[in-house]
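Colleague: Pasting the sequence and the predicted model now:
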Amino acid sequence: DDDDDDDEERRAAAIDAVTSVAARMMTPNAGVAVTTLNMPASLLNEALKEANELYRSGAMTKGHVAANGVDLPGIEQRGDSVLWLHESGVYQTHASLRKLDEAMQAFVQQLAHEVKPKLALTERTDAMLACYPPGARYAKHVDNPDGDGRDGDGRRIALVYYLNDDDWTDDDAGALRLYHPSSDGHDDV
C-alpha cells in the first residue's frame, strides 16, 4: 500500500534527521539546528496545493501580534495570513497537510526522546500554517514571549517547514533570520 510506504518513509526520514539535530542541541549554548526531513515530493506538492487552496479560499486570517494572550493593535510587524490547523478542522479535509504535520510530530517525538533530560519537552502547540504573499514579512520579534502557559519556561523548540514552489531561489527572498539573544549575531536559514 502506497500510504504505508509513505508513512514508513516519513518515520525513517524523521529518525535520520533527529541524529544531527539532537547532537547540536546537546552542545552548550545550542540555538539553531537545521535539517531536512526528506519528505516525499508527492506529499510536499500536495501539501503546497492544499495550503494555496486554503489561502485563496479566504480560510486564513491576517497574522497578528499578541502578548499574554491579548492582541496588540496597531503593530504592523506581520504581512502573513495564518491558520491553526488542529483548531480549524483542516485535517479532516486536507490529508497531505495532516500527513506533513504527523511527520513533523514524529520528528519531535524522536527528538524529545533523545534530548528530554536536557530540555524537558512535555507537550506541543497547535500547528500553524502561514502564507506570505510577495513582499510580506514578519519583522524581528521574540517568538512566544510569554511562555503560552506551557510547563516550565514555555516553548523549547520551534519547528519550521517551508512549502515553496520548486522554482523558488534565494533571489526570491523569504529567508528566516534568527537572532542570538546574547549577542548581536544572527543566523540566516
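Modeller: Structure's in. What do you need?
Colleague: where in the protein is pLDDT low?
Modeller: For the chain, the stretches flagged by pLDDT under 70 are 1-4, 6-7, 9-32, 66-75, 116-122, 143-156, 181-182.
Colleague: Quick one: the strands in it, in order.
Modeller: According to DSSP state E, the chain carries its strands in the segments 61-62, 66-67, 70-71, 81-84, 128-131, 177-179, 186-188.
Colleague: got those strands as JSON lines, with mean neighbour count columns?
Modeller: Heads up, the C-betas are built off the backbone N, CA and C, glycines and all. Supplementary listing: those in JSON lines, determined by neighbours: other Cβ atoms under 10 Å:
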{"stretch": "strand 61-62", "mean neighbour count": "10"}
{"stretch": "strand 66-67", "mean neighbour count": "12"}
{"stretch": "strand 70-71", "mean neighbour count": "9"}
{"stretch": "strand 81-84", "mean neighbour count": "17"}
{"stretch": "strand 128-131", "mean neighbour count": "18"}
{"stretch": "strand 177-179", "mean neighbour count": "13"}
{"stretch": "strand 186-188", "mean neighbour count": "11"}
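Colleague: So which of those strands is nearest residue 97?
Modeller: strand 128-131 (7.0 Å; Cβ to Cβ).
Colleague: still on that earlier bit, just send the strands of the chain back as a markdown table, with distance to residue 162 too.
Modeller: Below are these laid out as a markdown table (distance: least, Cβ to Cβ, whole Å):
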| stretch | distance to residue 162 |
| --- | --- |
| strand 61-62 | 20 |
| strand 66-67 | 24 |
| strand 70-71 | 26 |
| strand 81-84 | 15 |
| strand 128-131 | 10 |
| strand 177-179 | 14 |
| strand 186-188 | 13 |
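Colleague: So which of the ones you listed is nearest residue 170?
Modeller: Per Cβ to Cβ, nearest to residue 170 of those: strand 186-188, 9.7 Å.
Colleague: Which elements pack onto the closest one?
Modeller: Helices and strands in packing contact with strand 186-188 are listed as strand 177-179; criterion 3 or more Cβ pairs under 8 Å, 6 or more residues apart in numbering; DSSP states H and E.
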